[in-house]
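K.L.:
Sequence and predicted model, in that order:
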Amino acid sequence: MSSFGTRTWNAATLPANDNVNPYAFSVDLDGEWFAQKGKMIAYYGQVRFEALSSGPLDALVARTFNSPLYAQDWIVAQGRGKLLLADRGFDVNSFDLDDGNLTVRAGNLLAFEPGLELKQSIIPGFLTLIGTGRFVAASNGAVHFVEPPIRVDPQALLGWADCPSPCHHYDHSYMRGAFGAARMVFGIGGSSGEEHQFDFTGQGTVLMQSSEVVMNEDVLLRDLEGQIGMVGTSGLQRLQQTISRRLSSERQG
């Protein structure tokens, strides 16, 4: 790691593919990187930024980015220079995959190399990276690596590598609550974390952040909205009733 401090940086002295400090990362760009919109805070060099819908990027996007639900949130940085990545003062770290498979919370993924292929996880609010390359992610606090079997608070879960997708574990008190139906539909809300966890088994590594605060719930809502198209009229009416009850409960609380 680079030494942290208050020194003044320039294009020549910024680290290459390393942290500037615990909250910012410097990408040594020589070609292309995918970056989430709003996470690039500054850059040096000859760099241009293209939306994923840009015609010249069709081949790259078709080969690498396989999550249309999140395509509007991402751009491609092209050229040569230094990119500075950060996310609202959260901890930022880089991770290397070597012919690996890692799933990460979508709102925490800041950028990745085109050598990795991005897919949409079956777990709402998460994305999966496959292949060999580097990616940069943010966390609310330090990241801890643990082995299964383990149960993890949903808000503390950052991701998992080379192990099966988790199952939901609900305690009986969670299931019998007055709004248990809404909880089971959405998988969020109304719990301190002790009543609902993600249950991991098998081989692999689980990544946890040092906080139960989710950085961005918009991505989870995006996943829920993306599944609305598979629900019929009667199902939509049930969801409307569930949401109305939940909103009423939140206002009373």
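P.N.:
Structure's in. What do you need?

K.L.:
Touching, residue 198 and residue 165? I think so.
P.N.:
No: using CB atoms under 8 Å, residue 198 makes no contact with residue 165, being 9.1 Å away. Bear in mind the C-beta positions are built from the backbone N, C-alpha and C, glycine included.

K.L.:
Which helix or strand contains residue 122?
P.N.:
Under the criterion DSSP states H and E, no helix or strand holds residue 122.

K.L.:
quick one, what contacts it?
P.N.:
Applying CB atoms under 8 Å, 6 or more residues apart in numbering to residue 122 gives the contacts residue 165.

K.L.:
So residue 198 and residue 165 - more neighbours on which side?
P.N.:
Applying other CB atoms under 10 Å to residue 198 and residue 165 shows that residue 198 carries more neighbours, namely 20 against 13.

K.L.:
how near is that one to residue 131?
P.N.:
Taking CB to CB, to the nearest Å as the measure, residue 198 falls 24 Å from residue 131.

K.L.:
Residues contacting stretch 156-163, please?
P.N.:
Applying CB under 8 Å, 6+ apart, the contact partners of stretch 156-163 are 97, 100-105, 108, 126, 137, 139, 143, 148, 166, 193, 198, 200, 202-212.

K.L.:
Now the buried members of those.
P.N.:
For the contacts of stretch 156-163, a burial check counting by 16 or more other CB atoms under 10 Å picks out 97, 100, 102-105, 108, 126, 137, 139, 143, 148, 166, 198, 200, 205-209, 211.

K.L.:
So which of the residues you listed belong to strands?
P.N.:
97, 100, 102-105, 126, 137, 139, 143, 198, 200, 205-209 (DSSP state E).
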